[in-house]
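A.B. asks: here is my input; please provide its structure:
(one chain, ligands or ions: 2)
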Amino acid sequence: MTQTVAVLGTGKIGEALLSGMIRAGWRPADLLVTTRRSDRAQELHTRYGVESVTNAEAAKNADILILAVKPQDMGKLLDELAPHVTADRLVISAAAGITTTFIEERLTPDTPVVRVMPNTPVLVDEGMSVISAGSHATGAHLATAEEIFGGVGKTLRVPESQQDAATALSGSGPAYFYFLVEAMTDAGILLGLPRAQAHDLIVQAAIGAAVMLRDSGEHPVKLREAVTSPAGTTISAIRELENHGVRAALIAALEAARDRSRELASGNG
Ligand SMILES: NC(=O)C1=CN([C@@H]2O[C@H](COP(=O)(O)OP(=O)(O)OC[C@H]3O[C@@H](n4cnc5c(N)ncnc54)[C@H](OP(=O)(O)O)[C@@H]3O)[C@@H](O)[C@H]2O)C=CC1
Ligand SMILES: O=C(O)[C@@H]1CCC=N1
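C.D. replies: Ligands and ions are numbered 1, 2, ... in the order given. Reported below is the predicted structural model:
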């Protein structure tokens, strides 16, 4: 039997997931969305042909509820949902930091909850979604989450204790690469290249490097060594990266993201 899926809080990640589900073959008639603003509901209807409902209606009518509001809005959303969510629903949360316990405590006892940390490349079917079971979620519930998120990229099961780390690496991960591209494009400007050309050169270097990392099976150190000629250009750049502590900065940055995810666990931000 076809299941109905509702995306509650259809902002950036909710819409990315919605669009991916439609590309993966879900029928708009089997999807519901909730929004806070009517103009947003209209926009989503025009783009995807999906019906917008209230959070309470979504809880009553959908088999699977995907919660995609900000962590700070999660407590309020769960208060709205609680009277209507029965334990035969599957609740999937995509919110950073929010634990399955936080959600379970606010819903009908025994409601299955799965925590998922996707990332925005779900928009191009290259997402990574890290999945953990709450205390009432079975293998079948995890498989359902994998079916939904696997349609728009890869999935990985981890114990929930690793979700804050996974959020730092994978959920936030694309942003670090965009930041690097932005900074390296600025370097191209400094070196006298037109911005558009600098952008294209760096983006293609990023794509080439990413495909080699994924497909060659080689360790990144090996791949970097192959670029680094004796007394050449690359080693001059690497020395500067090491002198400026870029490796340590990245480690500290991801640790800060992990810590922020832990802070968000209270739902108060
Ligand atoms: N962006 C990302 O890369 C990722 C985000 N996430 C998680 O996804 C969640 C959403 O993040 P993101 O998409 O970036 O944020 P957005 O602000 O773009 O999306 C949240 C949406 O929820 C809506 N909303 C808030 N409260 C309610 C409510 N009670 N009922 C219905 N809709 C509501 C907001 O409406 P309004 O527009 O009116 O504010 C907004 O459109 C967060 O918990 C984040 O941790 C997870 C992985 C990656
Ligand atoms: O920045 C954030 O909090 C969200 C969660 C992971 C990516 N974006």
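
A.B. asks: CA only for contacts and neighbour counts going forward, please
C.D. replies: OK.

A.B. asks: what's the burial count for the nearest residue to Thr138 once chain neighbours are set aside?
C.D. replies: Nearest non-adjacent residue to Thr138, counting by C-alpha to C-alpha, 6 or more residues apart in numbering: Pro112, 7.7 Å away. By the criterion of other C-alpha atoms under 10 Å, Pro112 has 25 neighbours.

A.B. asks: residues touching Pro112, list them.
C.D. replies: Pro112 is in contact with 87-91, 104, 134-138, 141, counting by C-alpha atoms under 8 Å, 6 or more residues apart in numbering.

A.B. asks: what of Thr111?
C.D. replies: 86-91, 104, 136-137.

A.B. asks: helix/strand/coil for Thr111?
C.D. replies: Using DSSP: H, G, I helix; E, B strand; the rest coil, the structure places Thr111 in coil.

A.B. asks: can you read off the pLDDT for the residue nearest to Arg89 when sequence neighbours are not counted?
C.D. replies: Nearest residue to Arg89, sequence neighbours excluded (C-alpha to C-alpha, 6+ apart): Asp63, at 5.1 Å. Note on Asp63: pLDDT of 98.

A.B. asks: next, give phi and psi for Asp63.
C.D. replies: Main-chain dihedrals, Asp63, degrees, to the nearest 10: phi -80, psi -30.

A.B. asks: same check on Gly9?
C.D. replies: Torsion angles, degrees, to the nearest 10, at Gly9: phi 90, psi 80.

A.B. asks: likewise Met117?
C.D. replies: phi -120, psi 100.

A.B. asks: what is the neighbour count of it?
C.D. replies: So Met117, with other C-alpha under 10 Å, has 25 neighbours.

A.B. asks: what's the spacing between it and ligand 2?
C.D. replies: Separation of Met117 from ligand 2 (C-alpha to the nearest ligand atom, to the nearest Å): 7 Å.

A.B. asks: just checking, that residue touches Ser172?
C.D. replies: No: with contact defined as C-alpha atoms under 8 Å, Met117 does not reach Ser172; the gap is 9.6 Å.

A.B. asks: show me the contacts of Pro112 that map onto helices.
C.D. replies: Counted as lying in helices by DSSP state H, out of these, are 104, 141.

A.B. asks: who wins on neighbours among the contacts of Pro112?
C.D. replies: Top of the contacts of Pro112 by neighbour count (other C-alpha under 10 Å): Val91, with 28 neighbours.

A.B. asks: let me know the pLDDT of that one.
C.D. replies: Val91 is given a pLDDT of 98.

A.B. asks: who is it paired with across the strands?
C.D. replies: Leu65, Val113 (DSSP bridges).

A.B. asks: so how far is Arg224 from it?
C.D. replies: 43 Å (C-alpha to C-alpha, to the nearest Å).

A.B. asks: if I pick the residue nearest to Asn119 when sequence neighbours are not counted, what's in contact with it?
C.D. replies: Here the nearest residue to Asn119 in space, its sequence neighbours aside, is Gly171; by C-alpha to C-alpha, 6+ apart that works out to 4.7 Å. By C-alpha under 8 Å, 6+ apart, Gly171 lies in contact with 117-120, 128-129.
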